[in-house]
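**Student:** sequence unknown, structure follows:
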């Protein structure tokens with residue numbers, strides 16, 4: 001199943017906390033990408049945060065995965081999770097033979 005995980009920074013880390021946190025956050029995120037759980041990722045342009053397109057078995061798996069990220073574990077970020085799928089109404093445009 002595909003899930004959009006929209007991460008929002010709720011409590012920005014201090015400048016002193018950032019190097020240590022990001023030294024853990026970046027490799028963790030890259031490992032999720034290499035494991036195929038995160039297919040694509042983007043930085044938000046409107047506010048601090050990220051968008052992940054995830055490939056997981058369930059919303060519960062997506063939640064467990066993002067909850068293990070250092071920024072989330074530390075209380076700095078929260079995620080909104082939305083399951084997505086094919087745009088089914090487009091099937092109406094296909095003529096059946």
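**Tutor:** Sure, I can see it. Bear in mind that the values here come from a model prediction, so they are computed numbers and not experimental data. Residues are numbered from 1 along each chain as shown.
**Student:** what stretches of the chain score poorly on pLDDT?
**Tutor:** Applying pLDDT under 70 to the chain flags the ranges 97.
**Student:** quick one, strands of it?
**Tutor:** Along the chain, the segments classed as strands by DSSP state E run 2-9, 38-43, 49-55, 77-84.
**Student:** can you redo those as CSV with distance to residue 63 and mean neighbour count?
**Tutor:** The way it works is simple: take the backbone N, C-alpha and C, and place the C-beta from them, glycine included. Output for the strands of the chain, formatted as CSV (distance: least, Cβ to Cβ, whole Å; neighbours: other Cβ atoms under 10 Å):
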stretch, distance to residue 63, mean neighbour count
strand 2-9, 9, 18
strand 38-43, 14, 13
strand 49-55, 10, 19
strand 77-84, 6, 16
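**Student:** would you turn those into TSV with distance to residue 32?
**Tutor:** Shown next, in TSV, are the strands of the chain (distance: least, Cβ to Cβ, whole Å):
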stretch	distance to residue 32
strand 2-9	10
strand 38-43	4
strand 49-55	8
strand 77-84	13
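**Student:** for those strands, which one sits closest to residue 68?
**Tutor:** Nearest to residue 68, of all the strands of the chain, is strand 77-84, at 11.3 Å by Cβ to Cβ.
**Student:** Show me what that closest one packs onto, helices and strands only.
**Tutor:** Counting by 3 or more Cβ pairs under 8 Å, 6 or more residues apart in numbering; DSSP states H and E, the packing neighbours recorded for strand 77-84 are strand 2-9, helix 59-67, helix 70-73.
**Student:** Now do the helix ranked longest in the chain against strand 38-43: the angle between them, please.
**Tutor:** The longest helix of the chain (DSSP state H) is helix 18-34. Taking axes from the mean of the first three to the mean of the last three Cα atoms, to 10 degrees, one finds helix 18-34 and strand 38-43 inclined to each other by 140 degrees.
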